[in-house]
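**Q** okay, structure incoming, though there's no sequence with it:
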């Protein structure tokens, strides 16, 4: 059983990625995603504005948008698919599910199954997930000159909360 | 002082050090392994020369170990280290950007339109 027959939207979210190498650790945070979950069909879609990733240094952010992600050409990343696994939004608990869908990053779409833990507590629905992203899978090229500074595989952590989606008239 | 032995030792140390440094200089990248191995082979050759002199044996072993470490590090960092298996411990990450990053989602009609588009794309 999944929640109810309603739709839920992202109330707030935080996407963090971490590139860890021997020479330099780089992290970025994005709190500007939008998303929807259809409880009846288990369909979901999440859209992330690439330019909303915030870095420690402005120059890193500039390189990220201009050289690697080409944000003007590919402004958003989208993950869309179906939730696999059961959980009950009316009952407190921690529910491990899988989000099976197509992940579109940098204009390259890959099939991904991402484990997500949904936590229901006192009527609040929160979620969190950790996964890896292989840059080459999405055609993100890292110049040889900085290969020792930028990881070929970056760690991603996602967390947030859901709320009932009320369509505005 | 045995000047010949001193020269051999210094050259060997320089090569071993060069091998290690090359490995961590990003510009060189994968070439580091090749240079490491050359440094290692030359160091062994120099050690074989110095080992003929009794007083140079301990010194030679030290140089050999240094060269081995240099080449070993090069091989490990280029081929053996499984970069995909490295896992970030999120508990230990300094979440210094939490305050800096703001929710910049559109508001009002702009958000409504984006949500409408999302809704239409659900299941498609």
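**A** Arrived safely. Source: prediction; values computed, not measured. Numbering: from 1, shown residues only, chains lettered A, B, ... in the order given.
**Q** residue boundaries of the strands in chain A?
**A** Taking DSSP state E to define them, one finds strands in chain A at A:7-20, A:25-30, A:34-38, A:43-49, A:54-55, A:76-84, A:93-105, A:108-121, A:124-134, A:153-164.
**Q** for chain B, give me the ranges with low pLDDT.
**A** For chain B, the stretches flagged by pLDDT under 70 are B:1-6, B:8-9, B:12-40, B:42-44, B:46-61, B:63-64, B:66-68, B:70-71, B:73-86.
**Q** again, 50 this time
**A** Residue ranges of chain B with pLDDT under 50: B:26-29.
**Q** again, but for chain A
**A** A:1-3.
**Q** re the thing from before, Throw the strands of chain A into CSV and include mean neighbour count, thanks.
**A** Where you see a C-beta, it was placed from the backbone N, CA and C, and this is true even at glycine. Shown next, in CSV, are these (neighbours: other CB atoms under 10 Å in any protein chain shown):
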stretch, mean neighbour count
strand A:7-20, 20
strand A:25-30, 20
strand A:34-38, 22
strand A:43-49, 21
strand A:54-55, 20
strand A:76-84, 19
strand A:93-105, 17
strand A:108-121, 15
strand A:124-134, 17
strand A:153-164, 18
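**Q** the ones you listed into JSON lines, with extra columns for distance to chain B?
**A** Shown next, in JSON lines, are the strands of chain A (distance: least, CB to the nearest CB, whole Å):
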{"stretch": "strand A:7-20", "distance to chain B": "5"}
{"stretch": "strand A:25-30", "distance to chain B": "4"}
{"stretch": "strand A:34-38", "distance to chain B": "5"}
{"stretch": "strand A:43-49", "distance to chain B": "4"}
{"stretch": "strand A:54-55", "distance to chain B": "4"}
{"stretch": "strand A:76-84", "distance to chain B": "7"}
{"stretch": "strand A:93-105", "distance to chain B": "11"}
{"stretch": "strand A:108-121", "distance to chain B": "13"}
{"stretch": "strand A:124-134", "distance to chain B": "7"}
{"stretch": "strand A:153-164", "distance to chain B": "4"}
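**Q** indicate which one of those strands is closest to residue B:103.
**A** Closest approach to residue B:103 among the strands of chain A (CB to CB): strand A:7-20, 6.7 Å.
**Q** who does that closest one pair with, and is each partner parallel or antiparallel?
**A** When pairing is defined by DSSP bridges, strand A:7-20 lines up against strand A:25-30 (antiparallel), strand A:34-38 (antiparallel), strand A:153-164 (antiparallel).
**Q** what's the angle between the first one and strand A:43-49?
**A** Direction vectors for strand A:25-30 and strand A:43-49, defined by axes from the mean of the first three to the mean of the last three CA atoms, to 10 degrees, enclose an angle of 110 degrees.
**Q** do the same with the last one
**A** Here the directions of strand A:153-164 and strand A:43-49 differ by 120 degrees (the same axes, to 10 degrees).
**Q** again with the shortest one
**A** With the same axes, to 10 degrees defining the directions, strand A:34-38 sits at 180 degrees from strand A:43-49.
**Q** ok, and what's touching strand A:34-38?
**A** Contacts with strand A:34-38, where a contact means CB atoms under 8 Å, 6 or more residues apart in numbering or on different chains, come from A:3, A:7-10, A:13, A:43-47, A:83, A:162, A:165, B:105, B:111, B:114-115, B:118-119, B:122-123.
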